[in-house]
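> Sequence first, then the predicted structure, then my questions.
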Amino acid sequence: MRVLILGGTGEAAALAARVTTIPGIEAIASLAGRTREPSVPSGNVRIGGFGGVAGLVAYLRQMQIDVLIDATHPFANQISFNAAAAANEVGIPRLMLIRPPWEKIEGDRWIEVDSNTIAAAVLPNQAKRVFLTVGRQELAAFASLKEIWFLMRMIDPPGEDALVPPGMILCDRGPFALDNEKEILLQHNIDAIVSKNSGGDATYAKIIAARELGIQVFMVNRPAIPAGEQVTDIDSAVAWLREKLSSYSE
């Protein structure tokens, strides 16, 4: 049984590693290739986009894919909708592996917004020095805020012609330690954080640090995703795959 895993997350890499140990399954992990040095999972790996729904449909048919697992980032919803449409057209099972979002707890000072554009609109008069952790492709939404200084953390630097708000760029890749996050917030006199609600452990330390230091967090809620079967952990995804393998082998 041939499985395509749409990845780019730590969960996708871990799932690909697990699947390679299951007899009777051949896994292909696909990465969008948006970061210059991606964390490449073990086994068969494909890097690059598909060219929309039509391109993904063609790939599924060409590679004779039997099962599709969408383990992309919670904010990469366009590929999730493409995956849903393509799997439906080809007629193969599809599963979404989605890490749970962070939940607000006592001590958190969150202002929840539905987009980076809304976050940028509400920042003026509420913050002067902002830790911006939304990724290099989202910087343009904040570029007009000239009265605010931004510490912008991302994996790769923005392109030369990118619209970038005033401040400093910090290139780094998680997971991040709590002590490190606290030091960054204090060293740069940060009074607000803008973060996507990505979930998971790799970048949660900044949320804990903000809670302990009493710093406001502008939390960008997740976009809508397509309907379909979902699991929230790798063990459940493996169990779902084994069930499909059992049916496939009959």
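Done, it's in. Source: prediction; values computed, not measured.
> Could you use CA atoms for every contact and neighbour count after this?
Noted.
> tally of neighbours for the residue nearest to Gly24 when sequence neighbours are not counted?
Leaving aside its sequence neighbours, Gly24 sits nearest to Met1 (CA to CA, 6 or more residues apart in numbering; 6.1 Å). By the measure other CA atoms under 10 Å, the count of residues near Met1 is 17.
> Give me the contact list for the helix or strand bottoming out on mean pLDDT in the chain.
In the chain, the helix or strand scored least confidently by mean pLDDT, DSSP states H and E is strand 44-47, which has a mean of 75. Strand 44-47 is contacted from outside by 27-33, using CA atoms under 8 Å, 6 or more residues apart in numbering.
> Buried residues, that strand. List them.
45-46 (16 or more other CA atoms under 10 Å).
> biggest helix in this structure, by residue count?
Longest helix in the chain, counting residues (DSSP state H): helix 234-249.
> Kindly format the C-alpha coordinates of that one as PDB.
Extracted C-alpha coordinates of helix 234-249, given in PDB (Å, rounded to 0.1, in the frame of the first residue of the first chain):
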ATOM      1  CA  ILE A 234       0.900   9.900  15.600                       C
ATOM      2  CA  ASP A 235      -0.200   6.700  17.400                       C
ATOM      3  CA  SER A 236      -3.800   7.300  16.200                       C
ATOM      4  CA  ALA A 237      -2.600   8.000  12.600                       C
ATOM      5  CA  VAL A 238      -0.600   4.800  12.600                       C
ATOM      6  CA  ALA A 239      -3.600   2.900  13.900                       C
ATOM      7  CA  TRP A 240      -5.700   4.400  11.100                       C
ATOM      8  CA  LEU A 241      -3.100   3.400   8.600                       C
ATOM      9  CA  ARG A 242      -2.900  -0.200   9.900                       C
ATOM     10  CA  GLU A 243      -6.700  -0.400   9.600                       C
ATOM     11  CA  LYS A 244      -6.500   0.700   5.900                       C
ATOM     12  CA  LEU A 245      -3.700  -1.800   5.300                       C
ATOM     13  CA  SER A 246      -5.800  -4.600   6.700                       C
ATOM     14  CA  SER A 247      -8.600  -3.700   4.300                       C
ATOM     15  CA  TYR A 248      -6.100  -3.200   1.400                       C
ATOM     16  CA  SER A 249      -4.600  -6.700   2.000                       C
END
